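# Turn this into a model:
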Amino acid sequence: MFVNQTESTAFVQSLKRAGVSISDERQVIERLAEAREWHYAFSTLVKQGRRIGIWFAATAKLRSPRLQRLFARYHFTPGAEAAFEQCLQR
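As a prediction, this is how the structure comes out:
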């Protein structure tokens, strides 16, 4: 497994543990693993994923502070985290 693939897969698993439901998890993991810059690829999936059947939804156990720590741990920008949280509210 490549470093990108390992890190991006760990991030996806962490999102699930944080209370995020992912519609097509396998496709998300594959797309992130293929991307040279998986952070950018993830942000693109957040914004455009619904067109290809990928969406993210909050479950009852989602807590915003936990999500904020997760995005910080994986070095996302505050804007990327805010866009993700907005995506969850739709």
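
# contacts and neighbour counts: CA atoms only from here.
OK.

# Same question for the biggest helix by length in the chain: list its buried residues.
With secondary structure taken from DSSP state H, the chain has its longest helix at helix 3-17. Buried residues in helix 3-17, counting neighbours by 16 or more other C-alpha atoms under 10 Å, are found at 4-5, 7-9, 11-12, 15-16.

# Kindly report the same for stretch 19-37.
19-22, 25, 28-29, 31-33.

# Residues contacting that stretch, please?
Applying C-alpha atoms under 8 Å, 6 or more residues apart in numbering, the contact partners of stretch 19-37 are 2, 4-5, 8-9, 12, 16, 38-39, 41-42, 45, 53-63.

# Need the buried residues of helix 3-17 in CSV (columns: pLDDT and distance to Phe76).
As requested, those are exported to CSV (pLDDT from 0 to 100; distance: C-alpha to C-alpha, whole Å):
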residue, pLDDT, distance to Phe76
Asn4, 61, 14
Gln5, 71, 16
Glu7, 91, 13
Ser8, 93, 12
Thr9, 93, 15
Phe11, 96, 11
Val12, 96, 13
Leu15, 96, 13
Lys16, 94, 17
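
# coming back round to it: off-centre distance for the longest helix of the chain?
Taking C-alpha atoms, centre = their mean, to the nearest Å, one finds helix 3-17 lying 8 Å from the centre of the chain it belongs to.

# Grab the CA positions of the lowest-mean-pLDDT helix or strand in the chain and hand them over as CSV.
The weakest-scoring helix or strand in the chain, judged by mean pLDDT, DSSP states H and E, is helix 3-17 (a mean of 87). What follows is helix 3-17, C-alpha atoms only, in CSV (Å, rounded to 0.1, in the frame of the first residue of the first chain):
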residue,chain,number,x,y,z
VAL,A,3,1.5,6.2,1.8
ASN,A,4,-1.3,8.2,0.1
GLN,A,5,-3.5,5.1,0.1
THR,A,6,-2.7,4.2,3.7
GLU,A,7,-3.3,7.8,5.0
SER,A,8,-6.5,8.4,2.9
THR,A,9,-8.0,5.0,3.9
ALA,A,10,-7.2,5.8,7.6
PHE,A,11,-8.9,9.2,7.1
VAL,A,12,-12.1,7.6,5.6
GLN,A,13,-12.2,5.1,8.5
SER,A,14,-11.8,7.9,11.0
LEU,A,15,-14.7,9.8,9.4
LYS,A,16,-16.9,6.8,9.9
ARG,A,17,-15.9,6.4,13.5
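
# Much appreciated, bye for now.
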